[in-house]
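Undergrad: Sequence first, then the predicted structure, then my questions.
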Amino acid sequence: MKKYMLPVMLVLGTILANAKGLVPGYLRCEYKVSPVTDVLHPRLSWELTSAENNQVQTAYQVLVASSVEKLTESSADLWNSGKTAGRSTAQIEYAGKPLASRKVCYWKVRSWDKNGAAGEWSKPSQWEMGLLGKSEWKGEWIGLDLDHLGKGKVYHLPPAPYLRKEFTIRNGMKKARLYVTALGLYEFSINGKKAGDAFLTPGWTDYDKRVYYQTYDVTTDLKAGKNALASQLSYGWYAGYLGYSLLVKNPVVRAFYGKVPVLKAQLEVEYADGKKETFVTDQSWKASQGALLESDLLNGETYDARLEQNGWNRVGFDDSRWKSPQVFADKAERKIQVYPGPPVKITQTLKVVSRKERGNGTYIFDMGQNFAGIVRLNVKGRAGDTIRLRFGEKLYPDGRLMTENLRMARATDTYILKGDPAGETWEPKFTFHGFQYVEVKGLSNAPTEETLTGLVIGSDTPKVGTFETDNAMVNQLYSNIDWTQRANYVDIPTDCPQRDERIGWTGDAQVYVKSAAFNRDVASFFTKWVVDLNDGQYENGAYPLYAPRPNLRKTDTFSPGWMEAGIICPYQIYRTYGDTRMIRDGWADMVQFMDFLDVRSKGGYLFKENAFADIDPKGGFGDWLSFGKKTPPDMLASFYYAYCADLMAEMAAAIGNAKDQQRFTETGRKVREAIRAHYVDPQGRFKCDDKAYGNGAGYVDGSLGFTGHTQTAYANAIYMNIIAPSDRGTAASYLTDLLKENGDKLATGFLGAKPLLPALSATGHSDLAYKLFLSKEFPSWGFEVENGSTSIWERWDSFTKEGGFKYNAAMNSFSHYAFGAVCEWMFGNAAGIIMTKPGFETFDIRPEIAPDGMGKDGISHLKASVRTINGTIVSEWNKTDGKLAMHVIVPVNTYARIHVPVSKDAKVLLNGQVLSGEVLSAADKDERHQVLEVGSGEYELIVTY
Ligand code: BGC
């Protein structure tokens with residue numbers, strides 16, 4: 001193949017016009033800009049830009065120093081990497097002097113380009129070391145047991161504890177850091193001002209094993225003299241209600257880790273004279289309760305503003321009547337670590353779109369978008385007026401709020417006014433809801449535009465993807481996918497944000513992780529959750545149904561299709577960001593999972609019918625929510641076995657573990673062989689011994705019967721390379737036949753919907769993939785959009801304009817990202833952005849152009865972009881009569897192969913120049929594509945047919 005290093009026009013006028021060489025920007029440490037970390041050898045990354053095309057880095061140099069002034073080659077006192085040959089701009093491990101707790105490290109980088117010319121140094125950036133180890137923590141766990149005040153038969157919601165302490169600091173304070181954590185949830189303030197802007201801190205973990213802390217720079221919040229530290233606590237994941245335990249009548253429904261929320265905080269002050277002072281949580285603090293009468297993640301908050309203790313969080317408050325807090329013992333094995341993920345935050349505010357009166361002083365507010373978050377209430381009224389806010393995703397046709405689908409999540413906030421004539425503003429602190437509509441009761445005045453404001457919350461994962469077309473349905477679908485991701489990436493990847501679940505279901509997470517990475521930078525988000533997964537791994541090696549895993553139901557254990565998240569998620573993070581540390585850190589756990597599969601398969605490298613009859617439901621969840629006869633869960637388990645073996649072999653290679661690479665390559669081969677011998681007939685058709693399942697009792701939808709010959713089976717077999725390349729065509733024709741028999745409609749569930757379109761595209765059936773993708777008939781993505789969705793639904797027909805709600809009391813979430821996994825095909829096939837080396841160091845651009853003749857229901861223009869760890873890739877195509885225009889941006893330091901779809905007589909212009917006959921020679925062509933291998937730059941390709 002030829003390399004095209006043609007001069008290309010630089011369409012974008014960039015700020016780089018005058019810069020020389022490679023310009024490093026977006027300096028990050030552990031995936032974050034200027035973070036606090038407790039990683040001893042933190043990883044650095046930067047993004048390169050250049051005024052020139054076809055540029056790559058050939059070497060780099062990193063300087064790390066303890067002050068900005070020392071950031072020179074001669075005085076960098078922590079690390080001077082020296083000129084280091086290589087193209088890598090990410091995952092560069094700090095390899096300087098050992099770093100102690102609290103150390104602030106400044107750094108900068110420069111890069112040499114392909115001609116060996118050194119670029120300018122970047123602007124300095126920094127990171128700071130947190131408290132490295134538990135011994136650094138001097139404070140106690142303090143709290144106040146208010147459990148006896150919880151009332152109510154079903155919902156036992158005690159008030160939230162308040163804690164405070166005044167202390168004095170001298171003149172000459174130079175720097176102050178506040179370290180805070182809690183078992184439960186905390187909000188912390190200094191002199192009445194909230195520390196930081198994170199929400200739901202310190203996050204959910206297996207609290208017996210580890211808890212995270214946050215670090216705040218509070219230098220400017222303190223003053224010489226008296227200061228007040230104050231914190232409110234809530235029950236959160238530690239002590240509050242969790243998941244469906246109430247629904248399934250589990251003997252334990254709340255307080256899974258502990259009953260009393262507790263706080264641990266440490267304020268460290270440094271003076272100009274070098275002296276230091278530390279103030280910590282201990283028995284000298286004061287504790288009480290206040291206006292926050294009830295507080296729970298699933299059930300909401302009740303706040304009686306009349307009970308506010310004015311000035312409780314400021315200096316001078318009389319706390320003589322407050323109690324001493326109780327001190328709680330620590331668990332020796334519990335680690336206290338820096339929160340590795342992106343903080344959960346209010347990421348956007350939403351204005352009310354409409355409000356309707358419903359009689360009896362009840363109003364329904366429409367926020368115009370299904371999201372996860374809270375509302376800020378702004379009201380005026382008499383003391384004691386009680387405002388009740390209920391949250392729902394949908395309205396009944398008669399305009400009432402629909403809340404049945406929340407099941408046992410009360411999701412109600414109550415605010416009792418103090419009667420301030422100037423008006424009162426309130427928002428809950430320790431709960432969130434999944435909703436579009438809010439029912440408000442108890443207003444004494446007619447509401448205005450300002451009465452409610454929507455506050456969107458979620459893990460603050462930077463947006464990296466864009467996707468737009470000239471098809472309104474597709475654009476809405478993409479918006480729905482991103483909103484649903486935002487609503488469910490809240491500290492952990494949840495299934496849904498509204499009902500009594502909101503847990504880290506592993507199946508949902510594994511089918512969606514690749515899609516997620518196209519939309520948002522999820523590197524640090526999964527850095528956190530993969531630890532939860534490994535913490536949740538069972539003794540026998542199985543990964544759990546959800547992580548973290550409190551005991552929500554006695555029978556919950558593991559399930560094929562779910563547990564593999566323990567392999568698939570780290571693999572995807574490795575591929576997307578070139579992250580091998582996650583592989584190394586989790587390797588023993590992942591190997592243990594593979595051992596578990598080997599043991600379960602009893603040396604047969606296969607799961608035959610009924611191999612998982614001992615779990616509940618039998619066989620696990622299988623192709624959850626599919627239509628028609630079920631794909632045998634054991635067959636899918638076998639597919640996943642082979643697939644995980646492949647991923648493990650690839651990851652073993654990435655960390656230089658040849659022995660394990662060989663082991664898992666072998667495993668993959670053996671499992672495939674066994675699958676072919678057992679589940680495939682001589683005609684290449686998938687089969688199973690359906691009689692082995694009897695009447696299917698105990699299996700999910702087992703009464704529908706089982707067959708190997710399903711869309712899900714072939715789609716997965718193609719996607720996971722289960723069958724030999726020579727048999728792919730056969731599998732594809734079975735798949736297309738099945739689709740045809742089904743009126744070109746999908747019948748796939750959670751495990752089948754993701755690979756369906758990619759499998760069709762991979763076997764030359766892109767037109768059929770588009771047909772399914774653009775369909776507006778049930779069941780399809782377009783059907784939801786046609787029925788008014790602003791998010792991805794758990795079921796294709798969760799609501800229909802004609803039929804209303806069918807499943808409400810059962811499972812009917814309107815914010816469930818699993819089927820949003822089509823996003824992977826949208827970016828990977830429709831836009832054709834295909835990674836060929838981890839971190840998109842090299843990639844293909846191979847868009848699949850939508851079929852002609854669909855008019856407004858088709859696509860003639862599509863533009864997608866992804867900001868990868870190596871810079872932003874753009875793939876755009878525009879089809880007009882007889883002409884196809886492609887626009888591609890290849891970031892600096894990457895290589896791409898652009899696949900231009902051509903027919904025999906096509907004429908191709910590259911940046912205005914005709915690609916000569918030589919360029920179009922047969923060697924450069926596959927069947928339908930002209931392939932150009934290019935370096936960084938911007939490429940306009942015009943194909944005339
Ligand atoms: C959740 C799913 C989950 C499933 C297990 C449901 O209730 O909402 O998304 O994966 O249970 O099959």
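TA: Alright, I've got the coordinates.
Undergrad: CA atoms for contacts and neighbours, from now on please.
TA: Noted.
Undergrad: low-confidence ranges in the stretch 1-150 of the chain?
TA: 1-20 (pLDDT under 70).
Undergrad: which residues touch His709?
TA: Listed by Cα atoms under 8 Å, 6 or more residues apart in numbering, the contact set of His709 reads Thr631, Arg685, Phe686, Lys687.
Undergrad: Domain-wise, how is this protein divided?
TA: 13-129, 134-341, 346-454, 465-830, 842-944 (automatic domain parsing).
Undergrad: looking only at pLDDT, what's the mean for the last one?
TA: Averaged across domain 842-944, pLDDT comes to 87.
Undergrad: now it, how far from the chain's geometric center?
TA: Centroid separation for domain 842-944 versus its chain: 30 Å, with Cα atoms, centre = their mean, to the nearest Å.
Undergrad: how near is the spatially most central residue of the chain to Met582?
TA: Residue closest to the mean C-alpha point of the chain, counted by Cα atoms, centre = their mean, is Tyr489 at 4.5 Å. Look at Tyr489 and Met582: by Cα to Cα, to the nearest Å, they are 19 Å apart.
Undergrad: residue contacts, the closest residue to the ligand within the stretch 101-250 of the chain?
TA: For the stretch 101-250 of the chain, the residue closest to the ligand is Tyr244, as judged by Cα to the nearest ligand atom, at 8.5 Å. By Cα under 8 Å, 6+ apart, Tyr244 lies in contact with Met408, Asp500, Glu501, Leu552.
Undergrad: After the lowest-mean-pLDDT helix or strand in the chain, heading C-terminal, what element do we hit next?
TA: Every helix and strand of the chain was ranked by mean pLDDT, DSSP states H and E. The lowest is strand 3-4, at a mean of 44. Remark: after strand 3-4, the chain's next helix or strand is strand 23-29, criterion DSSP states H and E.
Undergrad: Output the contacting helices and strands for that next one.
TA: strand 43-49, strand 104-112, strand 125-129 (3 or more Cα pairs under 8 Å, 6 or more residues apart in numbering; DSSP states H and E).
Undergrad: Show me what the helix or strand just after it is packed against.
TA: Next in sequence after strand 23-29, counting helices and strands by DSSP H and E, comes strand 36-37. With contacts taken as 3+ Cα pairs under 8 Å, 6+ apart, strand 36-37 sits against strand 125-129.
Undergrad: Check the gap between the residue lying closest to Trp825 once chain neighbours are set aside and the ligand for me.
TA: Residue nearest to Trp825 in three dimensions, not counting chain neighbours: Pro758, with 5.7 Å by Cα to Cα, 6 or more residues apart in numbering. Noted for Pro758: a distance of 22 Å to the ligand, by Cα to the nearest ligand atom, to the nearest Å.
Undergrad: in which helix or strand would I find Pro758?
TA: Per DSSP H and E: helix 750-762 holds Pro758.
Undergrad: Can you check what angle separates the helix or strand following that helix from helix 750-762?
TA: Using DSSP H and E, the helix or strand that follows helix 750-762 towards the C-terminus is helix 766-774. Put simply, helix 766-774 runs at 140 degrees to helix 750-762, going by axes from the mean of the first three to the mean of the last three Cα atoms, to 10 degrees.
Undergrad: and this protein, which residues reach the ligand?
TA: By the rule Cα under 6 Å from any ligand atom, the part of the chain lying against the ligand is Asp495, Trp505, Gly507, Asp508, Phe621, Trp624.
Undergrad: okay but the third one is in contact with Gly561, surely?
TA: Yes: counting by Cα atoms under 8 Å, Gly561 is a contact partner of Gly507 at 5.8 Å.
Undergrad: Please identify which of these two sits among more neighbours.
TA: Gly561 (28 against 25; other Cα atoms under 10 Å).
Undergrad: does Asn171 really touch Ala224, like I thought?
TA: Yes: Asn171 lies in contact with Ala224 (Cα under 8 Å); the separation is 5.1 Å.
Undergrad: For the protein, which residues score under the pLDDT cut-off?
TA: Those would be 1-20, 916-927, if you go by pLDDT under 70 across the chain.
Undergrad: one more time with 80
TA: In the predicted model, the chain carries pLDDT under 80 at residues 1-20, 808-810, 903-905, 915-928.
Undergrad: just the helices in it please.
TA: 236-239, 472-488, 506-519, 523-536, 565-577, 581-600, 633-654, 658-679, 711-719, 728-741, 750-762, 766-774, 781-786, 823-825 (DSSP state H).
Undergrad: can you list the residues that contact the helix holding Pro758?
TA: 508, 511-512, 561, 622-626, 711-713, 715-716, 718-719, 732, 746, 748, 766-769, 772-773, 818-819, 821-822, 824-825, 829.
Undergrad: how deep is the closest residue to the ligand within the stretch 601-750 of the chain tucked in, by neighbour count?
TA: Of all residues in the stretch 601-750 of the chain, the one sitting closest to the ligand is Phe621 (5.0 Å; Cα to the nearest ligand atom). Applying other Cα under 10 Å, we find 22 residues neighbouring Phe621.
Undergrad: I'd say it and Thr557 touch.
TA: No: contact criterion Cα under 8 Å: Phe621 and Thr557 do not qualify, at 11.4 Å.
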